[in-house]
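[1] 3D model of this:
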Amino acid sequence: MLKEFKEFIAKGNVMELAVAVIIGAAFGTIVTSLTDEVIMPVVGAIFGGADFSNYFVLLSAPAGYEGSMTDYAALKEAGAAMIGYGAFLTAVINFIILAFIIFLLVRYTKKVTAEFSHKEPEAPAGPTEVELLAEIRDELKKRA
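    Now for the predicted structure:
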């Protein structure tokens with residue numbers, strides 16, 4: 001079983017998948033930053049709030065909670081029951097951005113692959129060495 005596992009790991013597809021997962025995770029961090037630091041503040045400004053991720057509906061505050069009832073992070077840390085629709089919307093926008101970028105990458109890859117697979121028709125090949133030698137032999141026989 002260990003031998004089969006080594007063969008499986010040594011295949012190129014597994015290594016390519018591992019690299020893709022690592023690059024995807026790093027790219028996900030970039031998209032999250034883009035969404036949190038650039039896109040969502042603009043969306044929040046359009047809808048009248050400075051921080052869109054703080055939009056939530058408080059269902060119930062935990063017993064003995066003395067903090068602010070409008071601080072999403074403090075309520076979440078205290079274990080309050082709430083619906084964080086702002087954070088959910090941010091996650092949806094992250095997903096849409098990632099999905100669109102992956103779509104563009106796949107589309108570009110298909111286009112490049114199609115260009116490489118579409119080969120020009122080869123020019124008709126000339127006679128082979130054997131055919132040329134046979135012609136020379138036949139010509140020599142005619143002259144002799």
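
[2] mind listing the strands for this structure?
    Using DSSP state E, the strands of the chain run over 57-60, 81-83.

[3] for residue 139, which of these is the nearest?
    Judged by C-beta to C-beta, the one of these that comes nearest to residue 139 is strand 81-83, at 92.9 Å. Any C-beta I mention is one placed from the backbone N, CA and C, and that applies to glycine too.

[4] could you pull out the helices for this protein?
    2-10, 12-34, 40-46, 72-78, 85-117, 129-143 (DSSP state H).

[5] need the ones you listed in CSV with mean pLDDT, can you?
    Formatted as CSV, those follow (pLDDT from 0 to 100):
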stretch, mean pLDDT
helix 2-10, 76
helix 12-34, 81
helix 40-46, 77
helix 72-78, 87
helix 85-117, 84
helix 129-143, 90
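
[6] nearest to residue 53, of those?
    Proximity to residue 53 (C-beta to C-beta) singles out helix 85-117 among the helices of the chain, at 4.8 Å.

[7] can you give me the buried ones in the closest one?
    86, 87, 89, 90, 93, 94, 97, 98 (16 or more other C-beta atoms under 10 Å).

[8] nearest residue to the fifth one in space, please, no chain neighbours.
    With sequence-adjacent residues excluded and distances taken as C-beta to C-beta, 6 or more residues apart in numbering, residue 93 is closest to residue 35, at 5.3 Å.

[9] contacting residues around that neighbour?
    90, 93, 94, 97 (C-beta atoms under 8 Å, 6 or more residues apart in numbering).

[10] relative to residue 5, which of these is nearest.
    The closest of the contacts of residue 35, once distances to residue 5 are taken by C-beta to C-beta, is residue 94, at 34.9 Å.

[11] quick check: the closest one vs residue 28, distance?
    8 Å (C-beta to C-beta, to the nearest Å).

[12] cool, residue 8 as well?
    From residue 8 over to residue 28 (counting by C-beta to C-beta), the distance is 26 Å.

[13] between these two, who's got more neighbours?
    residue 28 (14 against 10; other C-beta atoms under 10 Å).

[14] contacting residues around the more buried one?
    Here residue 28 is in contact with 94, 98 (criterion: C-beta under 8 Å, 6+ apart).

[15] one more time with 10 Å, if that's ok
    By C-beta atoms under 10 Å, 6 or more residues apart in numbering, the residues touching residue 28 are 94, 95, 97, 98.
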